[in-house]
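1. fold the following, please.
(one chain, ligands or ions: 1)
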Amino acid sequence: MDCLIYYTSALIISFSLFYAYAKYKLSYWSRRGVKSPPTHLFFGNFKDCITLKKSPGEKMREIYNSADPDDLYIGFYIFHKPLLLLRDHDLIKQVMIKDFDVFPNRRFGSGSQRDPIGLDSILSMHQPKWKYVRNKLTPVLTGQKLKNMIPLMIESGKPMLNFIENLPTNEDGWSVYEIKDISVRYSTDILASLTFGININSFDDNETAFCKTGVTIFRGFMRGIVFIIQFFLPDWDFLVVPFIKGPANYLRNIFWDSMNTRERLGFKRGDMIDFMLALKNGEQNPIYKFEGDNLVAQPSSLYIAGFEAIGTAIAYALYDLGQHPEHQDTIYNEIQTQVSGKELTMDLINGLSFLNSVVVESLRLHPPLPVTDRITTRDYELPGSGLIIEKNIPVYVSINATNQDPKYFSNPQNFIPLRTEAKNKKKFYESLAFGIGPRSCIGQRCALLIVKVAIIMIISNYTISSKANKKHDNNAIHVFTYSSDGLYIQFKKRN
Ligand code: HEM
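-> Predicted coordinates:
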C-alpha cells in the first residue's frame, strides 16, 4: 500500500513538474508579446510532422497562415524549442541580406562534423569556414563554366526524349507518364556528370547504382526521417549518422575513382572533379583543408542539393504548362521564332523571356525547397519591432507561404506567368525560391539553365497536357515539395 502511495505521488509530482516546465518553455513567445499558434504540451507545433501526417513545408505554411494578415512574424515551437517565422518581405531582406553578418549560418545539420560527407558540407557549414568554401566553389557554377555545360544538358536531354518517344501510345497518339520520374533521371544524369565526372544514362536502366543512390538519399521512410532531423532537429543529428553511411560510402568510392583516374591520366573534362583536383593540389588554408572527406563532401553536397530540386522544378513547370495550353502555345512560338534550327547558347536561352516568366511563376507556386532558415550569432533587435531575437534562436522563412501571400499577390494560387506585381517586389519573389542574400542557392543560374533546356527540348517536340492522378502517396515525410498524387503528363508528338 505504502509503495502504491509512493509511486502514485512520484508520478503526480513528475507530471506536475513536467507540466510546469513545458508550460513555462511554451510561453517563451507570449512572454515576449509574440503570437504563436496553439501548442501541444510535448511536440510544440510539430506534432503532425513528428507523427508523419504533414510535411514540414506544409506545416510551416499552416503556421504562417494562422497569423493575422499584417503580422510581421509568428513564433512557434518544435518540441519546446522556440523558433520565429518571418512574414514580411522587408524583414526577410533585413535578416538575409542587410544583417547577414548576424545571420550567416543555417540551422540545417547544425554545422556538425559527425559525418563530413553528409553533414559537414557547404549546406551546413558555419562562418568563417562557410565563406571560404563558398568562394572556392562559386566559379565552378558560373561564367564560362556554366556556358560550357549547355552541350552536356542537351546530351542528357536526348535519352529523355528517347524515353518519351518509346512510351506506349493510345490510338490518338497520346502517351502518359509521371513527369517527376522522368525529370529526376534527367537531372541525375547532368549532376552526376557535373559533380562526379561520370557519364550515366538513368533512362537506359532505372536501376543504375547512381540513380538508385540518389533515390535512397531522398525517398523512403528512413530517408524522410533523416531529412526532417537534419532540417528541424539538428541537435539530434547523431541519430542519422548510421543512415547516411551507405550513400556516403558509395559517393566516396565514386569520387575517388574519378579523382584517381583523372590524376593518373592527366586529362581535363571541365567539371567539378578537375576543380577539386586543383583545390587538392593547391595551397591549403588552415581554415578548411581540401583533403580526404572534405574533398568528397563538396561535390556530394552539390549533387544532393541539386538533383531533386531540379527534378521537382521541371516536373511542376511542365505540369503547369500542361494545364495551360495557351501558355504552352506562347512558349512553343517563342522557341520556334528565336531558337529553332540554332545551336542553343546561354544568350539564346536567356532571351526566351516568356519561358523565364513561366519558370519563375511555377517556382513561386511550387518552390522545391519550401523553407529555409538562419540562426543568430548574437542577440539581435528586429528593426521596427523592438523584438530581441536571442542568440541561437532559429529564424525561418516559409518560401511557399510567403510567395502565395495575398498581401503581396493578387490571385496568389493562380498560375499567371506575366504577373504585374511592382518591379521591386517582383525581383524579390523571383529569387525567393532560391533563397536570398549571400547564402542563397549557389546553383541558381545553373539550375535555371538545366530546367529551361529540359522544357525547350520537351515543348519543341511534344504537346503536353496534365492528367488527373493515378496514385496517391499518403507519405508526408518529404522535405522537398511533392505532389501526393504524382504529376502525370500526357505527351503527343508534334508534327
Ligand atoms: C530549381 C532548383 C533549385 C532550387 C529551387 C534550389 C533552392 C535552394 C534554396 C531555397 C536554398 C537555400 C537558400 C537560403 O538558405 O537562402 C539552396 C541552397 C543551396 N543550393 Fe540550391 N536549389 C536548386 C538547385 C541547386 C543546384 C543545381 C545546386 C548545385 C549544383 C544547388 C546547390 C545548393 C547549395 C550548395 C546550397 C547551399 C548554399 C550555401 O549554404 O552557401 N542547388 N538552394
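
2. quick one: the helices in the stretch 151-300 of the chain?
-> 179-196, 209-218, 221-232, 241-265, 272-281, 292-323 (DSSP state H, counting those that start in this stretch).

3. what comes up buried for the longest one?
-> Judged by neighbour count (16 or more other CB atoms under 10 Å), helix 292-323 contains these buried residues: 293-322. For glycine as for every other residue, the C-beta is placed from the backbone atoms N, C-alpha and C.

4. confirm that P139 sits in a helix.
-> Yes - judged by DSSP: H, G, I helix; E, B strand; the rest coil, P139 forms part of a helix.

5. tally of neighbours for it?
-> 12 (other CB atoms under 10 Å).

6. got a pLDDT number for it?
-> Per-residue pLDDT puts P139 at 89.

7. quick one on the thing from earlier: among the helices of the stretch 151-300 of the chain, which comes closest to I399?
-> helix 292-323 (11.8 Å; CB to CB).

8. flag every residue of this protein that's near the ligand.
-> Residues of the chain lying close to the ligand by CB under 6 Å from any ligand atom are 106, 122-123, 134, 141, 301-302, 305-306, 309-310, 313, 368-369, 372, 433-436, 439-443, 446-447, 451.

9. can you flag the buried ones in those?
-> Buried among those (16+ other CB under 10 Å): 106, 122-123, 141, 301-302, 305-306, 309-310, 313, 368-369, 372, 433-436, 439-443, 446-447, 451.

10. where does the stretch 351-495 of the chain dip in pLDDT?
-> 422-424, 468-477 (pLDDT under 70).

11. all strands for it, in order.
-> In the stretch 351-495 of the chain, the strands defined using DSSP state E, counting those that start in this stretch lie at 371-375, 380-381, 388-389, 394-398, 462-467, 488-493.

12. next, count neighbours for Y77.
-> 22.

13. domain boundaries for this protein, per the record?
-> 1-25, 34-493 (the TED database).

14. would you mark the buried spots in the shortest one?
-> In this case it means domain 1-25. 22, 25.

15. now that domain, how far from the centre of its chain.
-> Centroid separation for domain 1-25 versus its chain: 44 Å, with CA atoms, centre = their mean, to the nearest Å.

16. now do the longest one
-> A distance of 3 Å separates the C-alpha centroid of domain 34-493 from that of its chain, computed with CA atoms, centre = their mean.

17. how long is that domain end to end?
-> Terminal residues of domain 34-493 are spaced 56 Å apart (CA to CA, to the nearest Å).

18. can you check stretch 361-373 too?
-> End-to-end span of stretch 361-373 (CA to CA): 22 Å.

19. in the stretch 151-300 of the chain, what residue lies closest to the ligand?
-> Using CB to the nearest ligand atom, L191 is the residue of the stretch 151-300 of the chain that sits closest to the ligand, at 6.4 Å.

20. give me whichever of the domains of the chain is most buried.
-> Scoring the domains of the chain by mean neighbour count under mean count of other CB atoms under 10 Å gives domain 34-493 as the most buried, with a mean of 18.

21. low-confidence bits of the stretch 201-350 of the chain, can you list those?
-> In the stretch 201-350 of the chain (pLDDT under 70), the answer is 205-231, 236-244.

22. looking from the ligand, tell me which residue of it is nearest.
-> G306 (3.0 Å).

23. what's F43 sitting at in phi/psi?
-> phi -90, psi -10 (degrees, to the nearest 10).

24. now it: how far from the ligand?
-> Going from F43 to the ligand by CB to the nearest ligand atom, to the nearest Å gives 25 Å.

25. cool, I464 as well?
-> Using CB to the nearest ligand atom, I464 is found at 19 Å from the ligand.

26. ok, that residue - contacts?
-> Neighbouring residues of I464 by CB atoms under 8 Å, 6 or more residues apart in numbering: 318, 321-322, 328, 458, 489-492.

27. my guess is L191 meets Y303, correct?
-> Yes - the criterion here is CB atoms under 8 Å, and L191 meets it with Y303 at 4.9 Å.

28. so which residues of the stretch 51-200 of the chain form strands?
-> Using DSSP E, counting those that start in this stretch, strands in the stretch 51-200 of the chain cover 73-78, 81-86, 174-178.

29. okay if I get those strands as TSV plus mean pLDDT?
-> What follows is the strands of the stretch 51-200 of the chain, written out as TSV (pLDDT from 0 to 100):
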stretch	mean pLDDT
strand 73-78	96
strand 81-86	96
strand 174-178	94
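
30. got those as a markdown table, with distance to S55 columns?
-> Below are the strands of the stretch 51-200 of the chain laid out as a markdown table (distance: least, CB to CB, whole Å):
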| stretch | distance to S55 |
| --- | --- |
| strand 73-78 | 14 |
| strand 81-86 | 16 |
| strand 174-178 | 19 |
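
31. the ones you listed: which one's closest to F18?
-> Here strand 73-78 is closest among those (CB to CB), at 15.3 Å.

32. now do that closest one: which elements does it pack against?
-> helix 56-66, strand 81-86 (3 or more CB pairs under 8 Å, 6 or more residues apart in numbering; DSSP states H and E).

33. so which of these gets nearest D257?
-> Of the helices and strands packed on strand 73-78, the one closest to D257 (CB to CB) turns out to be helix 56-66, at 35.4 Å.

34. any idea of the mean pLDDT for the closest one?
-> Mean predicted confidence for helix 56-66 is 93.

35. so what touches it?
-> With CB under 8 Å, 6+ apart, helix 56-66 has contacts from 37, 45-46, 48-49, 54, 74, 76, 85, 87, 228, 231-232, 370-371, 396, 398, 400-402, 405, 476, 478-481.

36. stretch 250-263 too?
-> By CB under 8 Å, 6+ apart, stretch 250-263 touches 117, 196-198, 209-210, 213, 268-269, 273-274, 276-277, 280, 293, 295-296, 299-300, 303.

37. quick one: L387 from G341, how far?
-> Using CB to CB, to the nearest Å, L387 is found at 58 Å from G341.

38. understood, closing this out.
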